[in-house]
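**Student:** structure here, sequence nowhere to be found:
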């Protein structure tokens, strides 16, 4: 039971990262490799702040703004420097690695005996792993509500229009470059928030902890879409978080089958590949079914 509650709690925290990735991957329709630099950078900022006695809530908020900074850098490289978004993200991700080493002073730093957002006095009274679920649920709800409200505003609609049809958005007087920068900042801010939360949950920050985070976020998005199909925008945000929980439970199942934790990255890639191919399989199945019906008709 403790393994299931642990997976649910981690799924909620990773769901925040998936929500951030959803803004660029689905709404703006481009891949942002900054994710794998933003995650460890924000975790580093958060852990360093906690080690120096900063309030856990303030340290968590700092991780959000740290993520926004990396998003801003990528956005400026992409829109003003005219560097392809994929390469701009890789450049930011690469540069941030050295910054992380400068901040930490070594490859990793732990949070032993340090106060975090997940070990407060009230939360310590809860059963094991439930503090992570409570904090993850509260933050996921707040993020979903704020995103839903934002996307329903004129600015949010301009942001969506930029991803739907950039030329049409420009013809309507929308500054699409600003919308892309805004999207990258919001996206990486949420990814940074997830980095800070997961660093507190894991009890450490490591300069290499960002490897594979993009695959995890994409898996949550794809699983949520595959399981729930066509939904409203707000419902899709909820589905992304649920997809993240399902993904963690799938990993737990794989672990119970006897696989090593060293295989998680490979398993994550396989799960993502299968989920992304499911719509193709479904389309082929429907086509064959229709053809079969056509042949059977007298």
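**Tutor:** Sure, I can see it. For clarity, every value in this text was computed on a predicted model and none was experimentally measured.
**Student:** so the closest residue in space to residue 249 that isn't next to it in sequence versus residue 22, what's the distance?
**Tutor:** Leaving aside its chain neighbours, residue 249 sits nearest to residue 7 (5.2 Å; criterion: CB to CB, 6 or more residues apart in numbering). (Each C-beta comes from the backbone N, C-alpha and C, glycine too.) Distance from residue 7 to residue 22, counting by CB to CB, to the nearest Å: 21 Å.
**Student:** so between the two, which is more surrounded?
**Tutor:** residue 22 (25 against 21; other CB atoms under 10 Å).
**Student:** so who does residue 192 touch?
**Tutor:** 38, 39, 41, 42, 45, 63, 64, 65, 66, 67, 68, 70 (CB atoms under 8 Å, 6 or more residues apart in numbering).
**Student:** tell me the buried residues within those residues.
**Tutor:** Among those, those classed as buried by 16 or more other CB atoms under 10 Å are 38, 39, 41, 42, 45, 63, 64, 66, 67, 68, 70.
**Student:** which of those sit farthest apart?
**Tutor:** By the measure CB to CB, 39 and 68 form the most distant pair in those, at 13.5 Å.
**Student:** quick check: closest non-adjacent residue to residue 219.
**Tutor:** residue 272 is the one closest to residue 219 (CB to CB, 6+ apart), at 4.5 Å.
**Student:** show me what contacts that neighbour?
**Tutor:** Residue 272 neighbours (CB under 8 Å, 6+ apart): 215, 218, 219, 222.
**Student:** ok, and the most crowded of these?
**Tutor:** residue 219 (28 neighbours).
**Student:** nearest residue to residue 254 other than its sequence neighbours?
**Tutor:** Excluding its sequence neighbours, the residue lying closest to residue 254 (CB to CB, 6+ apart) is residue 267, at 5.5 Å.
**Student:** same check, this time on residue 43
**Tutor:** residue 199 (3.6 Å).
**Student:** looks like the one you found contacts residue 46 (just checking).
**Tutor:** Yes: between residue 199 and residue 46 there is a contact under CB atoms under 8 Å: 5.4 Å.
**Student:** residue ranges of the helices in the stretch 151-298 of the chain, please?
**Tutor:** For the stretch 151-298 of the chain, the helices defined by DSSP state H, counting those that start in this stretch occupy 154-164, 166-171, 176-202, 213-228, 233-256, 264-296.
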